[in-house]
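Chemist: Build me a model from this:
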Amino acid sequence: MNFGRFKLGRLIASGGMAEVHTARYAGTKGFVKQLAVKRILPRYSENPEFIRLFIHEAKLAAKLHHANIVQIYDFDQVDGTYYIAMELVSGVDLRRLLDSHEAADPGKDARIGLDLGVFVVAECLAGLMAAHEMCNSRGESLGIIHRDVSPHNIMVSYSGEVKLTDFGIAKAIRRDDETPSKVVRGKLRYMSPEQASGREIDQRSDIFSLGIVLWELATGRRLYGRAGERESDAQDRQAGIPDPSSLNCAISPGLCEVINTMVQHDPDKRYGSAREALGALRSGTGAADRSLELGELMEWLFPRESTAARRSSIASVVGKPRSVETSARAARPEPRANAGLSERQETSRSSHGSSDLPSAREGTSAPRRGRELRITLMLVAIVLLAGGLAYLTVGHLTRRSQVSTSPSRQPSPGAASLEVISTPAGAAIFIDRIPTGRRTPAVIGVPAGLHHVRVQWPDGRRASRTRICGDNDRQRVSFSRL
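Modeler: Next up, the predicted model:
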């Protein structure tokens with residue numbers, strides 16, 4: 001479906017006052033970019049309050065530029081319907097990740113491992129730090145508060161990136177023309193006590209909400225259950241949050257102290273800023289970059305989606321040879337008003353400050369010979385890219401087929417096998433970073449050569465070994481959790 005300069009794809013999410021679609025933007029000279037377009041639902045298009053909130057979200061989020069925050073590229077309207085063009089994160093929200101992990105291992109909790117949980121929260125704290133410390137052109141703090149930090153608003157990509165999204169109800173505390181402080185918006189299960197009661201809040205409220213997320217990641221449990229609850233119930237329960245180490249003995253004293261400080265009922269007893277909380281988390285846990293491990297977990301939980309995402313990203317680069325010039329001409333947008341937003345105009349105009357999307361009006365006809373040369377070069381490049389892609393794909397599939405995932409499969413002649421055991425048993429087995437779907441103890445057929453063997457226990461702890469297997473060789477690989 002065409003929507004202004006965009007071709008909308010599948011519906012990603014719908015709720016509240018807007019819906020989000022995947023979208024394809026086609027510019028000049030074959031430029032194509034995959035985006036997400038968020039637009040106001042038709043029933044709210046005539047509601048001044050919803051339009052005001054939507055414009056507020058666009059203006060506020062457009063100021064935020066950080067690797068851990070979903071980026072805003074453009075803001076405008078098509079036939080009276082306002083929209084926001086934003087970064088498309090190929091992945092799922094943290095809530096779906098935890099639910100899928102729990103469903104993949106029935107009888108276990110939703111714990112993805114302490115190291116991964118700490119990494120996710122550390123990335124979110126880095127994003128919050130950037131938002132909280134945002135200043136205007138005069139160097140004055142904007143005092144931005146997200147006010148809806150929860151697993152539903154934390155995106156995890158299939159490659160292991162973590163990004164905060166949905167600043168739709170965020171508030172800049174130096175502005176008095178935005179959402180009134182007495183209006184309670186957000187998810188009660190993750191609200192700070194002061195926010196749930198409608199009192200004045202500051203940036204420490206976000207720290208409390210993210211502390212609840214960290215508590216749940218560390219314990220593998222939901223603090224307040226799945227169902228909605230009354231405001232008074234939430235406040236009573238927030239006053240007495242159980243010590244996380246009482247539910248998971250693997251939580252270190254350093255991590256336990258960080259969690260308990262973040263979820264203090266009294267804001268004055270919490271960390272004073274996201275920067276301080278991030279520093280404490282890193283020093284108390286030795287938090288490291290776990291994006292690779294997180295990406296492996298995503299590939300294991302969502303194999304089809306992660307593969308489709310990789311193919312989509314490659315296809316958007318390769319494109320179709322016959323439609324390069326045609327798509328560039330057909331996608332040329334109509335002139336639009338309110339294309340820019342300056343600091344002085346932000347109270348009267350409703351568009352993003354400096355769109356990262358290229359102008360689709362530029363470009364003039366080139367001489368015929370030059371155009372033919374460009375098309376020829378593009379075709380050659382496409383053929384080379386397609387050949388490389390086919391080579392990598394066949395190699396990847398061959399490698400996967402060589403790692404047996406069937407208990408009854410025997411190694412083929414000239415191959416080898418690995419007998420993987422662990423104490424305690426029941427650890428997930430990865431061969432050369434590929435999930436086998438097997439748990440210890442197990443015998444797995446592999447081709448002769450060097451192999452990286454990794455196991456991961458249900459509590460998130462992991463260990464790895466490297467083995468060199470000869471033809472028809474069988475080796476035992478033993479692991480013990482300390």
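Chemist: Just name the shakiest helix or strand of the chain by mean pLDDT.
Modeler: One helix or strand of the chain scores below all others by mean pLDDT, DSSP states H and E: helix 324-330, with a mean of 39.
Chemist: In stretch 445-462, which residues are buried?
Modeler: 445-447, 451, 453-462 (16 or more other CB atoms under 10 Å). Every residue, glycine included, has its C-beta placed from N, CA and C.
Chemist: Quickly check those residues for the two that are furthest apart.
Modeler: Largest separation among the buried residues of stretch 445-462 by CB to CB: 447 and 459, giving 31.7 Å.
Chemist: for the protein, what spans make up the helices?
Modeler: Listed in chain order, the helices of the chain (DSSP state H) span 48-61, 94-104, 114-132, 193-196, 204-219, 231-238, 253-262, 274-285, 291-301, 303-318, 324-330, 368-402.
Chemist: Return the member of those helices having the minimum mean pLDDT.
Modeler: Per-stretch mean pLDDT for these is lowest at helix 324-330 (a mean of 39).
Chemist: re earlier: which one of the helices of the chain lies closest to residue 26?
Modeler: Per CB to CB, nearest to residue 26 of these: helix 324-330, 5.0 Å.
Chemist: Which one of the buried residues of stretch 445-462 is nearest to residue 120?
Modeler: The closest of the buried residues of stretch 445-462, once distances to residue 120 are taken by CB to CB, is residue 460, at 12.1 Å.
Chemist: and the gap between the nearest residue to the closest one once chain neighbours are set aside and residue 96?
Modeler: In space, residue 460 comes closest to residue 113 once its chain neighbours are excluded; the distance is 2.1 Å by CB to CB, 6 or more residues apart in numbering. From residue 113 across to residue 96, the span is 17 Å (CB to CB, to the nearest Å).
Chemist: before we move on, what about residue 38?
Modeler: 18 Å.
Chemist: before we move on, the earlier item: pipe the buried residues of stretch 445-462 into a markdown table and attach distance to residue 478 per row.
Modeler: As requested, the buried residues of stretch 445-462 are exported to a markdown table (distance: CB to CB, whole Å):
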| residue | distance to residue 478 |
| --- | --- |
| 445 | 19 |
| 446 | 17 |
| 447 | 22 |
| 451 | 15 |
| 453 | 10 |
| 454 | 13 |
| 455 | 10 |
| 456 | 15 |
| 457 | 14 |
| 458 | 19 |
| 459 | 19 |
| 460 | 20 |
| 461 | 15 |
| 462 | 15 |
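Chemist: now, among those, which is nearest to residue 373?
Modeler: residue 447 (45.4 Å).
Chemist: ok, the closest one touching residue 416?
Modeler: Yes. With contacts counted by CB atoms under 8 Å, residue 447 reaches residue 416, the gap being 7.0 Å.
Chemist: mind listing what the residue nearest to residue 460 touches?
Modeler: 456, 459, 460, 461, 462 (CB atoms under 8 Å, 6 or more residues apart in numbering).
Chemist: Mind doing that once more with 10 Å?
Modeler: 101, 119, 217-218, 220, 250, 290, 293-294, 297, 456-462 (CB atoms under 10 Å, 6 or more residues apart in numbering).
Chemist: Give me the pLDDT for it.
Modeler: Residue 113 is given a pLDDT of 82.
Chemist: Need the phi and psi values for it.
Modeler: phi 110, psi 140 (degrees, to the nearest 10).
Chemist: Poorly predicted segments of the stretch 351-482 of the chain, please.
Modeler: 351-372, 388-414, 482 (pLDDT under 70).
Chemist: give me that answer again for 80
Modeler: 351-415, 433, 448-450, 459-460, 466-472, 481-482 (pLDDT under 80).
Chemist: What's the separation between residue 206 and residue 277?
Modeler: Distance from residue 206 to residue 277, counting by CB to CB: 10 Å.
Chemist: Quickly list what's touching both of these two.
Modeler: 125, 128.
Chemist: Could you tell me which residues touch both of residue 447 and residue 416?
Modeler: Common neighbours of residue 447 and residue 416 (CB under 10 Å, 6+ apart) are 469, 471.
Chemist: So residue 39 sits against residue 21, correct?
Modeler: Yes. In this structure residue 39 lies within contact range of residue 21 using CB atoms under 10 Å: 7.7 Å.
Chemist: Mutual contacts of these two, please.
Modeler: Residues touching both residue 39 and residue 21 by CB under 10 Å, 6+ apart: 3, 6, 8, 83.
Chemist: and which of the residues you listed is nearest to residue 376?
Modeler: With CB to CB as the yardstick, the closest approach to residue 376 among the shared contacts of residue 39 and residue 21 comes from residue 6, at 30.3 Å.
Chemist: Tell me what the closest one is bridged to.
Modeler: residue 3, residue 25 (DSSP bridges).
Chemist: which residues touch it?
Modeler: By CB under 10 Å, 6+ apart, the neighbours of residue 6 are 21-26, 33, 35, 37, 39, 74, 78, 83, 85, 331, 333, 357.
Chemist: again, 6 Å this time
Modeler: Applying CB atoms under 6 Å, 6 or more residues apart in numbering to residue 6 gives the contacts 23, 25, 37.
Chemist: ok, it to residue 72 distance?
Modeler: Counting by CB to CB - residue 6 and residue 72 are separated by 15 Å.
Chemist: what does residue 28 give?
Modeler: Residue 28 sits 22 Å away from residue 72, taking CB to CB as the criterion.
Chemist: Between the two, which is the more surrounded one?
Modeler: The neighbour count for residue 28 versus residue 72, taken as other CB atoms under 10 Å, is higher for residue 72 (25 against 17).
Chemist: Per-residue pLDDT of the more buried one, please?
Modeler: Reported pLDDT for residue 72: 85.
Chemist: Let me know whether it touches residue 86 as I believe.
Modeler: Yes. In this structure, residue 72 is within contact of residue 86 by CB atoms under 6 Å, at 5.1 Å.
Chemist: give me every residue that touches residue 443.
Modeler: Here residue 443 is in contact with 417, 419 (CB under 6 Å, 6+ apart).
Chemist: beta partners of it?
Modeler: According to DSSP bridges, beta-bridge pairing links residue 443 with residue 419.
Chemist: Out of the contacts of residue 6, who's the most crowded?
Modeler: residue 37 (28 neighbours).
Chemist: Now that residue. Nearest residue, chain neighbours left out?
Modeler: Nearest one to residue 37, counting by CB to CB, 6+ apart, is residue 23 at 4.2 Å.
Chemist: who's in contact with that neighbour?
Modeler: Here residue 23 is in contact with 6, 8, 35, 37 (CB under 6 Å, 6+ apart).
Chemist: which two from the residues you listed end up farthest apart in space?
Modeler: 8 and 35 (10.1 Å).
Chemist: how many neighbours does residue 158 have?
Modeler: Other residues close to residue 158 by other CB under 10 Å number 22.
Chemist: what do you get for residue 82?
Modeler: 21.
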